[in-house]
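K.L.:
pasting the structure only:
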């Protein structure tokens, strides 16, 4: 599906070979999954040619995915200017079929391939760090003081264009073979629910403050 | 930490270079995280030397991790007899500090490196498939009919010894620098909770059955 310059493009890597109807290549579907998820898993190839998968937080700045970490971290140094695969997964429900074989899950996942670049401009890195904080806790960056130059330089922020990407979605009831449909076994979905709170105030607070708006009204995806 | 033949061994890849106090190398800690998580992310290196990360269900059979998929799947064919990195991540709470810089999460993750082998014996594969169903829904394998030979042979089950592995855990309050401790900003934790249910009965049930015990009493980790 081509949509001009901002198109997500399907390649041999993002195509679904076995169950193609689960594939989605429009930016709106991909972005919604990215925004709802709290973490991603970043795959890199190490110096010996072996895979390494590391969980980290992410944010989205328009058509780019942002990840960050200490400027001293191995992941960030390794993922810069080299091929990565970033995968994001949400589980919506467990799918209980009449047979073990047909058990499954309803899920939404995104896979993004590409070569991240480190943001080197201080102002751009500052803005990107705020996007990352707000991706974790919407509105939080305006509740805390601005980042300092030292903080900005102690953090490596990588930017990966969401171009070679795809979403994969299963959403539906269990599907059994006809010969098992009369089996005396309950079948259906078990929803998986994620909720947040109540907030736990830090013991070392020096002022008696109520929880911030960002945690009281907390919800995902970002409003 | 050596524990005889069943020891998890630390290598250069599983060592934590930057925050070593977050590392755990005992089997009990690693297994508890594996058992509580519903999914893992499997990293492989493709034929062109590029990383691919794919989400999938897993189960644990003693000191081995099991993953499975269609015998026709690219992942399973690629992951067999080659180096993989399997990463499992649980997010327990968001950590809201007084500064954006110190925002974090309390989490528990496991990374396992190794070379999975496909289970080729039918009886062993049958038992492994039941472990995988019960890892998703404890007790479910005894509620459904046994697997057929065709089902067993249509599924590839891979076994990866949990040997070169480590857990990484952050569990604590926000940690800010002294100069920010008097900032008029709420700080604390926002718990992330996962719950299950209520069960949704399939529309095409041909008998009027109540939800199975396995979903009514559903909880993670496996009791």
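P.N.:
It's in. As the structure is a computational prediction, the values presented were derived from the model and not from experiment.

K.L.:
By mean pLDDT, point me to the weakest helix or strand of chain A.
P.N.:
Least confident element among the helices and strands of chain A, by mean pLDDT, DSSP states H and E: helix A:74-79 (a mean of 74).

K.L.:
And the longest helix seen in chain A, what does it pack against?
P.N.:
What stands out as the longest helix in chain A, according to DSSP state H, is helix A:122-136. Secondary-structure packing of helix A:122-136 (3 or more Cβ pairs under 8 Å, 6 or more residues apart in numbering or on different chains; DSSP states H and E): strand A:51-61, strand A:64-70, helix A:149-154, strand A:155-161. Placement of C-beta: from N, CA and C, glycine included.

K.L.:
how about the strands in chain A?
P.N.:
Under the criterion DSSP state E, strands of chain A are mapped to A:23-24, A:39-45, A:51-61, A:64-70, A:84-96, A:104-114, A:117-118, A:155-161, A:164-170, A:188-196, A:200-201.

K.L.:
Among those strands, show the one with the smallest mean pLDDT.
P.N.:
Confidence, taken as mean pLDDT, is least for strand A:23-24 of the strands of chain A (a mean of 86).

K.L.:
Check which helices and strands that one sits against.
P.N.:
With contacts taken as 3+ Cβ pairs under 8 Å, 6+ apart, strand A:23-24 sits against strand A:164-170.

K.L.:
In contact with the residue sitting furthest away from the middle of chain A: list those residues for me.
P.N.:
Among residues of chain A, the one most distant from the C-alpha centroid is residue A:182; the distance is 39.9 Å, by Cα atoms, centre = their mean. With contact taken as Cβ atoms under 8 Å, 6 or more residues apart in numbering or on different chains, residue A:182 is in contact with B:206-207.

K.L.:
same deal with the one 5 residues further on?
P.N.:
If you count contacts by Cβ under 8 Å, 6+ apart, residue A:187 has them with A:96-98, A:173-174, A:176, B:201-202, B:205.

K.L.:
was I right about residue A:185 contacting residue B:209?
P.N.:
Yes. With contact defined as Cβ atoms under 8 Å, residue A:185 reaches residue B:209; the gap is 7.4 Å.

K.L.:
So for those two, which residue has more residues nearby?
P.N.:
Between residue A:185 and residue B:209, counted using other Cβ atoms under 10 Å in any protein chain shown, the more crowded position is residue A:185 (19 against 13).

K.L.:
Phi, psi for the nearest residue to the more buried one once chain neighbours are set aside please.
P.N.:
Nearest residue to residue A:185, sequence neighbours excluded (Cβ to Cβ, 6 or more residues apart in numbering or on different chains): residue A:98, at 4.7 Å. Here is the backbone geometry of residue A:98 (degrees, to the nearest 10): phi -80, psi -10.

K.L.:
From what I see, residue A:98 and residue A:178 are in contact.
P.N.:
No. If you go by Cβ under 8 Å, residue A:98 and residue A:178 don't touch, sitting 10.9 Å apart.

K.L.:
What is the burial count for residue A:36?
P.N.:
Applying other Cβ under 10 Å, I find that residue A:36 has 14 neighbouring residues.

K.L.:
ok, now how distant is it from chain B?
P.N.:
Separation of residue A:36 from chain B (Cβ to the nearest Cβ, to the nearest Å): 13 Å.

K.L.:
In contact with that residue, which residues?
P.N.:
So residue A:36 contacts A:90, A:108, A:220-221 (Cβ under 8 Å, 6+ apart).

K.L.:
Which of those residues ranks first by neighbour count?
P.N.:
Among the contacts of residue A:36, the one with the most neighbours (other Cβ under 10 Å) is residue A:108, at 22 neighbours.

K.L.:
What distance do you get for that one to residue A:173?
P.N.:
17 Å (Cβ to Cβ, to the nearest Å).

K.L.:
and what of residue A:166?
P.N.:
When residue A:166 is compared with residue A:173 (using Cβ to Cβ), they lie 24 Å apart.

K.L.:
the more surrounded of these two?
P.N.:
Higher neighbour count among residue A:166 and residue A:173: residue A:166, with 24 against 19, using other Cβ under 10 Å.

K.L.:
Now distance to residue B:20 too, for the contacts of residue A:187, in CSV please.
P.N.:
Output for these, formatted as CSV (distance: Cβ to Cβ, whole Å):
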residue, distance to residue B:20
A:96, 42
A:97, 45
A:98, 49
A:173, 48
A:174, 46
A:176, 50
B:201, 50
B:202, 49
B:205, 53
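
K.L.:
farthest-separated two in these?
P.N.:
A:176 and B:201 (13.9 Å; Cβ to Cβ).

K.L.:
Fine, thanks again, bye for now.
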